[in-house]
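Peer 1: predicted model follows, preceded by the sequence.
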Amino acid sequence: MTGQTELKWWQRGVVYQIYPRSFKDTTGNGVGDLQGIIEKLDYLEHLGIDAIWLSPFYPSPMADFGYDVADYCDVEPLFGDLATFDRLAAAVHARGMKIIVDWVPNHTSDQHKWFIESRSSRDNPKRDWYIWRDPKPDGSLPNNWGSFFGGPAWTFDPQTGQYYMHQFVKEQPELNWRNPEVKAAMLDTLRFWMRRGVDGFRMDVIGLILKDAALRDNPINPHAPANLPENDLFSRLIQVYNMDQDEVHEVVREIRATLDEFPERCGIGELWGPLDRWVKYYGEHGEGLHLPFNFRLMDGMGFNRMTWDAQALRGVVDALEAALPDFAWPNYVLGNHDRMRMVTRFGGEAQARVAAMLLLTLRGTPTLYYGDEIGIPDVPVPPEKIQDPQGVNLGAERSRDVCRTPMQWDASPNAGFCPPDAEPWLPLTADYTARNVAVMSQDATSILTLYHQLLAMRQETPALLGGSYKPLDEGVPTDCYVYLREDGATRYLVALNFAAEARQVRLPELGRGQIMLSTHLDR
Ligand code: NOJ
């Protein structure tokens, strides 16, 4: 058990993910910006957030809404400029909060100057910065890998007669991390942002940066769903040679060593995969990432596949607790810009409240996704308005636009996200005049008030921050999940009811207690 005094900021803190396009627009173009984030820091501070993580705000042609980076060391003009970023970082720090930025090491934009050089000729000094291969002798693709976003992971470049690799859209060519110059250049981009005060990085698809040296074909997945879109080559394969290669851990250690050149920086990695593969990203002795993102409360053992069931969730938490070495700090995520919104996943707000209590009372760092605190659901986007490349290529039901809709601040037209005469880049919820921060913060029983109170309670309760975790069985109905968080003399019991009706939990041996908070704020 770790006493709270020894906890680092990224262990005590609650991280709040901001999708900059969707948070607050101050220029009237219907797209959020960095100045908008500055203007909403008071809200986040009041809510009880310790650290913000910004999805990419770098110059980008937006083929994948910023995850196609054209320059790692600048700000996309849509979002502001470096001076605005500096003001944002200073304003965050002035509030005692931390700022985490997204870092996209696996691929650049095809408009990045490195790729423009690389593709210009076979003997360009930057040719080997990306992954180029000849067609097979019969003219076919270099291997059978598919792109996450549909189609093959290779695009042929007629000018030089080779294919380049991209496991996302073709505008996202993959860097060759086996080339020491690439590694050095990318590690320097970390230093660039740390010198500007950045406290941590969320590292995009970090498990993908090294591929099998021979780029062997991935095995066919015999359990692939039968109804996959024809171009979904990715889901037809088992992802063996394109991710989580042993060599990646050597590079992760170098990334960590770079973070350690500056005090108290934090590395968070976007990762999936089985527990035994995932846990390796902490490093053998803690020399890897501080927080390999843990998506298991959302995903279970697949993507978006977790069943919202007391026993299943408990199983996931217990397995995680058992898999973590002593030095490894847990973390939990229940929503992000790639997944179904919490309220939609759980079929309504009642269970989203249970989920909030789970997320904020488990042992480990929670990451919240903007808008979940006001219960924004997946918002339908008409098929002709779909913008996400995953939705455009693989069908409307795979579009991530639905979970990226604007934050709703008040009851005015456009919910205070953008000026009334502007058009938000994605639609608002139909009930935005009621579902917004201004209205819900005045309501003593709203889900927003629940988040606020949970965050406050967590912040001042050592048992919740650093205390031990112990699930209870006796007297607990199977559709409930009950656990103790304990630190010295204080014991917090968390009793979560996943049933639609009331349930009774009998725990006579625990003696008397006091109800601190209930999900409906009525007890
Ligand atoms: C994971 C990010 O979360 C997702 O939004 C993005 O499309 C891919 N990586 C590619 O960068």
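Peer 2: In hand now; what should we look at? Residues are numbered from 1 along each chain as shown.
Peer 1: if I look at Leu78, how far off is Ser55?
Peer 2: From Leu78 across to Ser55, the span is 13 Å (Cβ to Cβ, to the nearest Å). Placement of C-beta: from N, CA and C, glycine included.
Peer 1: between those two, which is the more surrounded one?
Peer 2: The neighbour comparison of Leu78 against Ser55 (other Cβ atoms under 10 Å) goes to Ser55, with 23 against 19.
Peer 1: the strands in the stretch 301-450 of the chain, which residues?
Peer 2: Using DSSP state E, counting those that start in this stretch, the strands found in the stretch 301-450 of the chain span residues 331-333, 365-369.
Peer 1: so stretch 271-279, near the ligand or not?
Peer 2: No. Residues of stretch 271-279 contacting the ligand under Cβ under 6 Å from any ligand atom: none, with a closest distance of 10.3 Å.
Peer 1: report the buried residues of that stretch.
Peer 2: For stretch 271-279, a neighbour-count test (16 or more other Cβ atoms under 10 Å) marks 271-273, 275, 278-279 as buried.
Peer 1: cool, and stretch 447-457?
Peer 2: 447-455, 457.
Peer 1: spell out which parts of this protein neighbour the ligand.
Peer 2: Taking Cβ under 6 Å from any ligand atom, the part of the chain that reaches the ligand is made up of 64, 67, 104, 168, 204-205, 270, 337-338.
Peer 1: where do the strands sit along this structure?
Peer 2: Residue ranges of the strands in the chain, as given by DSSP state E, are 15-18, 51-54, 98-103, 132-133, 154-157, 162-165, 200-203, 266-269, 291-292, 331-333, 365-369, 468-472, 480-487, 490-497.
Peer 1: list the residues that contact whichever residue of the stretch 301-450 of the chain sits closest to the ligand.
Peer 2: Closest to the ligand within the stretch 301-450 of the chain is Asp338: 4.8 Å, counting by Cβ to the nearest ligand atom. Neighbouring residues of Asp338 by Cβ atoms under 8 Å, 6 or more residues apart in numbering: 400, 403.
Peer 1: any regions of the stretch 301-450 of the chain where pLDDT drops low?
Peer 2: Residue ranges of the stretch 301-450 of the chain with pLDDT under 70: 301-304.
Peer 1: repeat the analysis, applying 80 as the threshold.
Peer 2: For the stretch 301-450 of the chain, the stretches flagged by pLDDT under 80 are 301-305.
Peer 1: how about the helices in it?
Peer 2: Along the stretch 301-450 of the chain, counting by DSSP state H, counting those that start in this stretch, helices occupy 310-323, 342-345, 349-361, 389-394, 437-440, 447-459.
Peer 1: packing partners of the third one?
Peer 2: In this case it means helix 349-361. Judged by 3 or more Cβ pairs under 8 Å, 6 or more residues apart in numbering; DSSP states H and E, the packing partners of helix 349-361 are helix 296-299, helix 342-345, strand 365-369, helix 447-459, strand 490-497.
Peer 1: again, 7 Å this time
Peer 2: Judged by 3 or more Cβ pairs under 7 Å, 6 or more residues apart in numbering; DSSP states H and E, helix 349-361 is in contact with helix 342-345, helix 447-459, strand 490-497.
Peer 1: likewise for the fourth one?
Peer 2: Under the contact criterion of 3+ Cβ pairs under 7 Å, 6+ apart, the helices and strands touching helix 389-394 comprise an empty set.
Peer 1: now it - C-alpha only, PDB.
Peer 2: Presented in PDB, the C-alpha positions along helix 389-394 are these (Å, rounded to 0.1, in the frame of the first residue of the first chain):
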ATOM      1  CA  PRO A 389     -12.400   8.600 -41.600                       C
ATOM      2  CA  GLN A 390     -13.300   5.400 -39.700                       C
ATOM      3  CA  GLY A 391     -17.000   6.100 -40.200                       C
ATOM      4  CA  VAL A 392     -16.500   7.200 -43.800                       C
ATOM      5  CA  ASN A 393     -14.500   4.100 -44.700                       C
ATOM      6  CA  LEU A 394     -16.100   1.400 -42.600                       C
END
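Peer 1: what lies in contact with that helix?
Peer 2: 63-64, 149-150, 169, 229, 231-232, 386, 398-401 (Cβ atoms under 7 Å, 6 or more residues apart in numbering).
Peer 1: can I get those residues in TSV including neighbour count?
Peer 2: Shown next, in TSV, are those (neighbours: other Cβ atoms under 10 Å):
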residue	neighbour count
Ala63	18
Asp64	21
Phe149	25
Gly150	22
Val169	24
Pro229	13
Asn231	15
Asp232	21
Ile386	19
Arg398	16
Ser399	23
Arg400	20
Asp401	23
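Peer 1: and the residues you listed, which is closest to Asp128?
Peer 2: Asp128 lies nearest to Val169 out of the contacts of helix 389-394, by Cβ to Cβ, at 22.4 Å.
Peer 1: hmm, Ala63 and that closest one touching each other?
Peer 2: Yes. The criterion here is Cβ atoms under 7 Å, and Val169 meets it with Ala63 at 5.3 Å.
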